[in-house]
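Colleague: sharing a model that was predicted from the sequence below.
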Amino acid sequence: MDIGVILFQAFSTFKPLVTFPSGRAELPSGPSGLHANVTSVWDLCRGRPQPPLQDVRRTSICMKIYTRTGDSGQTSLFSGERVEKDDLRVEAYGTLDELNSTLGIADCWCRDKRVKDCLSVIQNSLFDAGADLATSLDSKRRPNRIRKEDWERLEHFIDEFETGVPPLKNFILPNGSPGSTQLHFARAVCRRGERLVVRLSGREAVNPELCIFVNRLSDLLFVLARFENHRSGEPEVVWRPR
């Protein structure tokens, strides 16, 4: 089974109890026997003290990383269908996974706490979006699908952060501070993901709220890039056509 689908299954079925002060994230046991006690990625990114290596090795995780079921070039969707790994649906949710990874890099570079908090919300929502895409609409399984309130929250973020930047009067280049540049890169990955979702929706049924969500997310990432640049004191680089 594809590792992305394994994670979608785990996090779409169970709600993790995260305890940051201890540097641990607890996943409660459930019907599948899932239980884990893992070091928080949040703490790792911020350089907090971590347990000795031997303690981490004793961690009990009941999901195998390799299953050998994908060695022939196929993978399983959350809804159970077996598809080729280059299937358009897999390409779409795989691109959202790539986007999530680029946002993790952006978080390491961004300096403004409000931007970091916003990125944390986005990354969690992208996991829901991935589970949504990995599950056909007629499936009996019910992941946490993207809903109207998810993209409305993105619009709220856009309105909030736009008040902190000067009015946009020119096209700008994806340049500036390290955090801003990485956010621009994430925006480009998001647009690619959106194109794939739109292409998929022309062939199969896709949650319409998800299409709106991805479109709105690219707008938010553009605003966040401008905001991070402004807060870092970097001037915006204006496009000068020949």
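Modeller: Nice, I can see it. Being a predicted model, the structure only gives us computed values, none of them experimental.

Colleague: do a quick rundown of the strands in this protein.
Modeller: In the chain, the strands defined using DSSP state E lie at 17-19, 24-27, 36-39, 74-76, 82-84.

Colleague: got a pLDDT number for Leu27?
Modeller: Looking at Leu27, its pLDDT reads 38.

Colleague: same question, Ala205
Modeller: 92.

Colleague: try the one 4 residues further on
Modeller: Note on Glu209: pLDDT of 96.

Colleague: so who does it touch?
Modeller: Contacts here follow CB atoms under 8 Å, 6 or more residues apart in numbering; on that basis Glu209 touches 145-148, 150-151. All C-beta atoms are positioned from the backbone trio N, CA, C, and that covers glycine.

Colleague: just the closest of those to Ala92, please.
Modeller: Ile146 (13.0 Å; CB to CB).

Colleague: how far away is that closest one from Leu133?
Modeller: The spacing between Ile146 and Leu133, counted by CB to CB, to the nearest Å, is 9 Å.

Colleague: correct me if wrong: Val206 contacts Thr135.
Modeller: No: counting by CB atoms under 8 Å, Val206 stays clear of Thr135, with 10.6 Å between them.

Colleague: more neighbours: which of those two?
Modeller: Between Val206 and Thr135, Thr135 has the larger neighbour count (other CB atoms under 10 Å), namely 26 against 20.

Colleague: could you report the separation of that one from Val165?
Modeller: Taken as CB to CB, the span from Thr135 to Val165 is 37 Å.

Colleague: check what pLDDT the residue lying closest to Gly193 once chain neighbours are set aside gets.
Modeller: Nearest residue to Gly193, sequence neighbours excluded (CB to CB, 6 or more residues apart in numbering): Thr95, at 4.1 Å. Predicted confidence (pLDDT) for Thr95: 97.

Colleague: next, count neighbours for Thr95.
Modeller: 21.

Colleague: tell me which stretches of this structure form helices.
Modeller: 3-13, 41-45, 53-57, 88-109, 113-133, 148-162, 178-201, 208-231 (DSSP state H).

Colleague: so in the chain, where's the weakest helix or strand by average pLDDT?
Modeller: Confidence across the helices and strands of the chain bottoms out at strand 36-39, with a mean of 36, counting by mean pLDDT, DSSP states H and E.

Colleague: list the contacts for Thr95?
Modeller: 189, 192-193, 196.

Colleague: try Cys110
Modeller: Contacts of Cys110 (CB under 8 Å, 6+ apart): 116, 119, 179, 182-183, 228.

Colleague: of these - the most surrounded one?
Modeller: In the contacts of Cys110, the most neighbours by other CB under 10 Å go to Leu183, 31 neighbours.

Colleague: tell me the contacts of it?
Modeller: With CB under 8 Å, 6+ apart, Leu183 has these contacts: 106, 110, 221, 224-225, 228.

Colleague: again with Val214
Modeller: 96, 129, 190, 193-194, 197.
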